[in-house]
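1. Curious how this folds, go ahead:
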Amino acid sequence: MQEPRVVRPWPVRVSVLLLVLEGAGLCVLGLANSAWLSWARFGPVAGLQPQATVALFITGIFTPVGLVALLAALGMLWRVRVSWLLAMLVQASSLLTSLQLYFTAKPGFIFPIMVCSIVTVLYLNSYEVRVVFQAEPLAATVEGLDEA
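-> Numbering: from 1, shown residues only. Got it, this is the predicted structure:
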């Protein structure tokens, strides 16, 4: 017997693709910043210089957020309900971090991150994606209210 084919609406596929691209980009960005950070270049450190502080901040935030984005994309492929919430938390944290970096250090790489996060949020909030990850169908909820 043939197993039923799982149909994923195209907004779910686009959301997964955007999460994978964003997760991989954030991981590469975080790891590249940690490779750039050479303690020998800063000499004897009485206090961290501003460039080193920003590099540590970027590495410490973007690498774990990128890994969680990849985990959320994998969960969306398997239709795990909590993955939608995880993906939204990733977008919120990457946008918040990008805004903070914009107002403090103004690096040029945050604009593509912000655009990708905004587009991903729009796709995650589309009707087709929300229906796939909805906890229980709306009709069952309404029927449950009518019986009470």
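2. quick one, helices of this structure?
-> Ranges of helices within the chain are 10-36, 39-42, 50-77, 82-104, 110-124, 127-132, 138-147, based on DSSP state H.
3. Would you mind giving the ones you listed as TSV with mean pLDDT added?
-> Formatted as TSV, those follow (pLDDT from 0 to 100):
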stretch	mean pLDDT
helix 10-36	91
helix 39-42	56
helix 50-77	90
helix 82-104	95
helix 110-124	96
helix 127-132	90
helix 138-147	58
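4. would you list the ones you listed in JSON lines and tack on mean neighbour count?
-> C-beta here means a position set from N, CA and C on the backbone, and glycine is covered the same way. Formatted as JSON lines, the helices of the chain follow (neighbours: other C-beta atoms under 10 Å):
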{"stretch": "helix 10-36", "mean neighbour count": "18"}
{"stretch": "helix 39-42", "mean neighbour count": "9"}
{"stretch": "helix 50-77", "mean neighbour count": "19"}
{"stretch": "helix 82-104", "mean neighbour count": "17"}
{"stretch": "helix 110-124", "mean neighbour count": "17"}
{"stretch": "helix 127-132", "mean neighbour count": "14"}
{"stretch": "helix 138-147", "mean neighbour count": "9"}
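5. So which residue is dead centre in this structure?
-> The structure's the chain has its C-alpha centroid closest to Val90; by C-alpha atoms, centre = their mean the separation is 3.3 Å.
6. correct me, but that one touches Leu18?
-> No: taking contacts as C-beta atoms under 8 Å, Val90 lies outside contact range of Leu18: 10.6 Å.
7. For the residue nearest to the centre of the chain, give its distance to Arg81.
-> According to C-beta to C-beta, to the nearest Å, Val90 and Arg81 sit 16 Å apart.
8. cool, and Ile113?
-> For Ile113, the distance to Arg81 - C-beta to C-beta - is 26 Å.
9. Repeat that for Ser15.
-> Distance, Ser15 to Arg81, using C-beta to C-beta: 14 Å.
10. and the gap between Phe103 and Thr97?
-> Where Thr97 is concerned, Phe103 sits at a distance of 11 Å (C-beta to C-beta).
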